[in-house]
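here are the coordinates; sequence isn't available:
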């Protein structure tokens, strides 16, 4: 087994593993840890009461965080005409159609979010093999397939995050940087959770959100409670 670092031991000692923390207190504990030399990302993970193998229990969406993510997001847009111009003005790093699709098919994935006008899905549809495994395939449910391409680009660059449940029934979302004040981290996390509960599939029985934990990139997880 690899040796546990002194920092990891120190951080673990600050966590009460038997406790379920209020959100803001959990964020304060994270900020009080011995952090890495870079500005670590704070992430929230929720285990859901769904069966992702059932198509009617697939949970995915996108939510705007009130305080953003504290990082630059590279957004590309598949659009033509006025919609393409709107995407450029909104700050998309690349805008195009057929030629851009060929670049993606060739392995170009130097971007975080893909936004597409509905008319462009005839071009984007074939990119599922490349974009799907990376979680970047545009979808109406996540707000990345929309006629309002410019607005979507602006929202994702400002801190809108998209997510989907994984094969284990979990969702993971970044909610900011460790340098954020604890109150802003907790408000971002609550905005995500408030939106998440609205996505409970009708066929999902019992508790929808089973467990919640928050952590930094290099730190231990803390179980948190969600009051709504």
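Done, it's in. Since the structure is predicted, the reported quantities are computational estimates derived from the model, not experimental observations.

Quick check: residue 16 vs residue 223, distance?
9 Å (C-beta to C-beta, to the nearest Å). For glycine as for every other residue, the C-beta is placed from the backbone atoms N, C-alpha and C.

Looking at the two, which one has more neighbours?
Using other C-beta atoms under 10 Å as the criterion, residue 16 and residue 223 rank with residue 223 on top: 16 against 11.

Now do stretch 173-182: distance from first to last residue.
Taking C-alpha to C-alpha, to the nearest Å as the measure, stretch 173-182 stretches 17 Å from start to finish.

Residues touching that stretch, excluding its own?
Applying C-beta atoms under 8 Å, 6 or more residues apart in numbering, the contact partners of stretch 173-182 are 24, 27-28, 30-31, 35, 39-45, 63, 65, 67-71, 161, 163, 184-185, 188-189, 192, 214, 216.

Kindly report the same for stretch 132-140.
The contact list for stretch 132-140 (C-beta under 8 Å, 6+ apart) reads 60, 78, 109, 111-116, 121, 124, 127-128, 131, 144-146, 162, 164.

Is it possible to mark the buried ones in those?
78, 111-116, 124, 127, 131, 144-146, 162, 164 (16 or more other C-beta atoms under 10 Å).

What about the residues you listed, which are in strands?
78, 113-116, 162, 164 (DSSP state E).

could the residues you listed be laid out in JSON lines, adding distance to residue 173 and pLDDT?
Converted to JSON lines, these look like this (distance: C-beta to C-beta, whole Å; pLDDT from 0 to 100):
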{"residue": "78", "distance to residue 173": "24", "pLDDT": "97"}
{"residue": "113", "distance to residue 173": "14", "pLDDT": "93"}
{"residue": "114", "distance to residue 173": "18", "pLDDT": "96"}
{"residue": "115", "distance to residue 173": "19", "pLDDT": "97"}
{"residue": "116", "distance to residue 173": "22", "pLDDT": "97"}
{"residue": "162", "distance to residue 173": "9", "pLDDT": "86"}
{"residue": "164", "distance to residue 173": "10", "pLDDT": "89"}
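
For residue 172, state which of those is nearest.
Using C-beta to C-beta, residue 164 comes nearest to residue 172 of these, at 9.8 Å.

from what I can see the closest one touches residue 196, true?
No: Residue 164 is not in contact with residue 196 according to C-beta atoms under 8 Å; the separation is 11.6 Å.

anything in contact with each of those two?
Here residue 164 and residue 196 share the contacting residues 59, 171, scored by C-beta under 8 Å, 6+ apart.

For the chain, give me the ranges with low pLDDT.
Counting by pLDDT under 70, the low-confidence segments of the chain come to 1-4, 228.

In a markdown table: the ones in strands among the buried ones among the contacts of stretch 132-140, plus distance to residue 140.
Listed next are those as a markdown table, based on distance: C-beta to C-beta, whole Å:
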| residue | distance to residue 140 |
| --- | --- |
| 78 | 14 |
| 113 | 15 |
| 114 | 13 |
| 115 | 11 |
| 116 | 10 |
| 162 | 12 |
| 164 | 13 |
